[in-house]
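K.L.:
here is a sequence with its predicted model. Questions after.
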Amino acid sequence: MLALRAEWTKYRTVAEPWWLLAGVVALTVTVGAAATSAAQCQSAACGIDPAQVSFTGIYLGQAVIAVAGVLAIGNEYSTGMIKLSLTAMPRRLTWFFAKAAVLTAPALIASTMAVAGSALAGRLILPGDGFTPAHGYPSLTSATDLRAAVGAVFYLTLIALLSLGVAAAVRDSAAAIGLVLGLLYLFPIAAALVSNPPLSRHLDQTGPLPAGLDAQATIGLNNLPLTPWQGLGVVALWAAGALVLGSLVLKYRDA
């Protein structure tokens, strides 16, 4: 509890994380609203997933929440505060996972606000763009849409934790941001460029961004590389792996 209290005090008294999380909400909702305004469905065969259109802003919002996750520990290394933190809390793993827990709460709140705002924009805009019962969209507030929204919230939160783990392992904010963004965007780019369909599908199954998109899908589920919950599970494995790696580096290397 002492570690949690100390990390929460540290987190809430610094303005930068809150501005970044506010940016996640603003960017995700703004881009999502723009995408829903541009989407058009003029027939029952348009094949557009309204949930994924509404959550288009996550493509950019994830980059901001990744930066927030990196800086949650990267700033301590860049300023030298890490030595003071570990002196005050010698049990390094306790300190690290307290930091992860403190990051999770505001990241989850920001993700929920971002996804809720995007979903609301989609609910208000998409029916006017042809996403109606006549075109095979009886409701934009079904259980499937709710599952997609929950998947989107957890996806953004897990990206923040993945970024924290990478930053703990790399110990350099700029390098960690580059690695996380490369990890997010490299897999879908590589999958699009690869001419071998099985290999392309495998890349979509293993990359955190393609897997996260599967978690947000509401149509064509049988044709996806992964089921929505499998997709979210892949992202969770990436986040857990990064946290374990970061904790091991923290434990066995000098600060």
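P.N.:
Done, it's in. In this text, all values refer to a predicted model and were calculated from it rather than measured experimentally.
K.L.:
just give me the neighbour total for Arg91.
P.N.:
Neighbour count of Arg91, defined by other Cβ atoms under 10 Å: 12. C-betas here are computed from N, CA, C, even on glycine.
K.L.:
which residue sits closest to it in space, ignoring its chain neighbours?
P.N.:
Spatially, and ignoring its direct neighbours in sequence, Arg91 is nearest to Ala3 (7.7 Å; Cβ to Cβ, 6 or more residues apart in numbering).
K.L.:
residue contacts, that neighbour?
P.N.:
Neighbouring residues of Ala3 by Cβ atoms under 8 Å, 6 or more residues apart in numbering: 89, 91, 94-95, 98.
K.L.:
all helices of the protein, in order?
P.N.:
Counting by DSSP state H, the chain has helices at residues 2-12, 15-38, 50-54, 58-79, 81-88, 92-125, 143-170, 173-193, 197-206, 208-215, 228-252.
K.L.:
okay, angle between the last one and helix 92-125 too, please.
P.N.:
In this case it means helix 228-252. For helix 228-252 against helix 92-125, the angle by axes from the mean of the first three to the mean of the last three Cα atoms, to 10 degrees is 150 degrees.
K.L.:
not counting its own residues, what contacts helix 228-252?
P.N.:
Contacts for helix 228-252 (Cβ under 8 Å, 6+ apart): 73, 92-93, 96-97, 100, 147-148, 151, 154-155, 158-159, 161-169, 171, 183, 205-206, 208, 210-217, 221, 224, 226.
K.L.:
just tell me which of the helices of the chain ends up closest to Ala134.
P.N.:
helix 50-54 (14.2 Å; Cβ to Cβ).
K.L.:
what helices and strands are in contact with that closest one?
P.N.:
On a contact count with 3 or more Cβ pairs under 8 Å, 6 or more residues apart in numbering; DSSP states H and E, helix 50-54 meets helix 15-38, helix 92-125, helix 143-170.
K.L.:
follow-up on the earlier one: in CSV, list the helices of the chain along with mean pLDDT and distance to Ala134.
P.N.:
Compiled in CSV, those are given as follows (pLDDT from 0 to 100; distance: least, Cβ to Cβ, whole Å):
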stretch, mean pLDDT, distance to Ala134
helix 2-12, 76, 49
helix 15-38, 92, 18
helix 50-54, 89, 14
helix 58-79, 91, 29
helix 81-88, 78, 59
helix 92-125, 93, 17
helix 143-170, 94, 18
helix 173-193, 92, 33
helix 197-206, 88, 32
helix 208-215, 92, 27
helix 228-252, 94, 26
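K.L.:
with that, I have no additional questions.
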